[in-house]
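1. give the three-dimensional model of this entry:
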Amino acid sequence: MTLAFDLILCLMIVGTAAAALLTHNALAAIVFFIVFGNLLGLAWLAMNAVNVAMAEIAIGAGITGVLLILTRQRLMALGDDLVSAETPGWLRAGAVLACTGLTALVGSAVLSVAPADDLGGPIAALLPELGIENPVTGVLLAFRAYDTLLETFVLLGALVAVWSLAPGNAWPRPPASLNLAESGGGSVAQAFGRLLLPLALVMAAYLVWAGSDFPGGAFQAGTVLAGGLIIAAIGGAVAWPRADNSILRAVLVLGPGVFLIIGLAGIALGRFLFYPPGFAKAMIVAIEYSLALSIGATLALLLAGRSVAPDHRS
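-> Below you'll find the model as predicted:
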């Protein structure tokens, strides 16, 4: 990438971030936030961090953007005008100081890492033992697998927390419907949803398989699957299941469960999350596919929200 492109991209990122923070209109702030997420994805792509770029665009801009739009819609249905009051000057100054201090702290930490401390070489040397070539997958599922396992349970815990917000007369009914056809405007969305969901399934399967050697993996595949489920729900191609559906609960715990079982089985061979020689890639792929399915369902249900009572319409 050229220096001019990098400078323009940096200015656009800072500009959209400032616009999202300073505007008083909720819809405009959401639009700027989505643009900001896509620009960050381009920045990661410019640094050859393709895995991070895909996750940022899919989660940071896509899933989160849709969540904010639906939140705005439901708040407006409750009578909120969504216009923020003027922020006191002292509060803005404090926020600027806090952000500046955090930026300086992160920058100093990054600059303090010497080039000789690069971990790329040691990681690349260990990848053949796992039978994979993608260093990101190797780090996530082998060299720092504890963190990845914890992240999957945090995601599942977030969904449980959302479900716990359901009132007593709503649990365990499905979340509010996103079907546009119910309001008479969903013919295009319905056709698009029926078309996109199978494509999302195929793309998710490919991203998991390719993630062993190329950019991709369970989290990227899960976000693609979640996006397909959400669009299909908006088009009326699928309906949200009840929270007590046994198949749904099995899907939600499948990924973390398989990850944990394989990790515990490694104790018999010496340590937790140990992959026996010759079986490492097969186990990693099994974990990735099960995680992709669970992450996709979890993200889609997080966006759908809590259970609602039968007479709920918003």
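2. all helices for the chain, in order.
-> Secondary structure of the chain, counting by DSSP state H: helices at 3-22, 26-46, 50-55, 64-77, 89-111, 120-130, 135-138, 145-163, 187-210, 218-234, 246-265, 280-304.
3. residue ranges with poor pLDDT in the stretch 51-200 of the chain?
-> Per-residue confidence for the stretch 51-200 of the chain (pLDDT under 70) gives these ranges: 84, 116-119, 180-189.
4. re earlier: can you lay out the helices of the chain as a markdown table showing mean neighbour count and distance to Asn179?
-> For glycine as for every other residue, the C-beta is placed from the backbone atoms N, C-alpha and C. Below are these laid out as a markdown table (neighbours: other CB atoms under 10 Å; distance: least, CB to CB, whole Å):
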| stretch | mean neighbour count | distance to Asn179 |
| --- | --- | --- |
| helix 3-22 | 13 | 29 |
| helix 26-46 | 18 | 22 |
| helix 50-55 | 20 | 28 |
| helix 64-77 | 15 | 13 |
| helix 89-111 | 10 | 40 |
| helix 120-130 | 12 | 44 |
| helix 135-138 | 22 | 37 |
| helix 145-163 | 15 | 20 |
| helix 187-210 | 17 | 8 |
| helix 218-234 | 26 | 7 |
| helix 246-265 | 17 | 18 |
| helix 280-304 | 23 | 12 |
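5. nearest to Pro172, of those?
-> The minimum distance between Pro172 and those falls on helix 145-163, with 8.0 Å, by CB to CB.
6. quick one: list the elements packing against that closest one.
-> Using 3 or more CB pairs under 8 Å, 6 or more residues apart in numbering; DSSP states H and E as the contact criterion, the elements in contact with helix 145-163 are helix 246-265, helix 280-304.
7. average pLDDT for the longest one, rounded please.
-> For helix 280-304, the mean pLDDT works out to 90.
8. got TSV for the helices of the chain, with distance to Pro175 too?
-> As requested, the helices of the chain are exported to TSV (distance: least, CB to CB, whole Å):
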stretch	distance to Pro175
helix 3-22	27
helix 26-46	20
helix 50-55	25
helix 64-77	10
helix 89-111	34
helix 120-130	39
helix 135-138	32
helix 145-163	9
helix 187-210	17
helix 218-234	9
helix 246-265	12
helix 280-304	4
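9. which among the ones you listed is found nearest to Asn169?
-> Ranking these by distance to Asn169, with CB to CB as the measure, places helix 145-163 first at 14.6 Å.
10. just to revisit the earlier point, of all the helices of the chain, which one is nearest Leu178?
-> Per CB to CB, nearest to Leu178 of the helices of the chain: helix 218-234, 4.7 Å.
11. elements contacting that closest one?
-> With 3+ CB pairs under 8 Å, 6+ apart as the test, helix 218-234 has helix 50-55, helix 187-210, helix 280-304 packed against it.
12. the helices of the chain: which one's closest to Ser177?
-> Nearest to Ser177 among the helices of the chain is helix 218-234 (7.6 Å), distances taken as CB to CB.
13. between the closest one and helix 187-210, how many degrees?
-> Interaxial angle of helix 218-234 relative to helix 187-210 (axes from the mean of the first three to the mean of the last three CA atoms, to 10 degrees): 160 degrees.
14. now the residue nearest to the spatial centre of the chain. Nearest residue, chain neighbours left out?
-> For the chain, the residue whose C-alpha lies nearest the mean C-alpha position (CA atoms, centre = their mean) is Ile59; its distance is 3.8 Å. Of all residues not flanking Ile59 in the chain, Thr223 sits nearest, at 5.3 Å (CB to CB, 6 or more residues apart in numbering).
15. now do Leu229
-> With CB to CB, 6+ apart as the measure, Ala300 is the residue that lies nearest to Leu229, at 4.1 Å, once sequence neighbours are left out.
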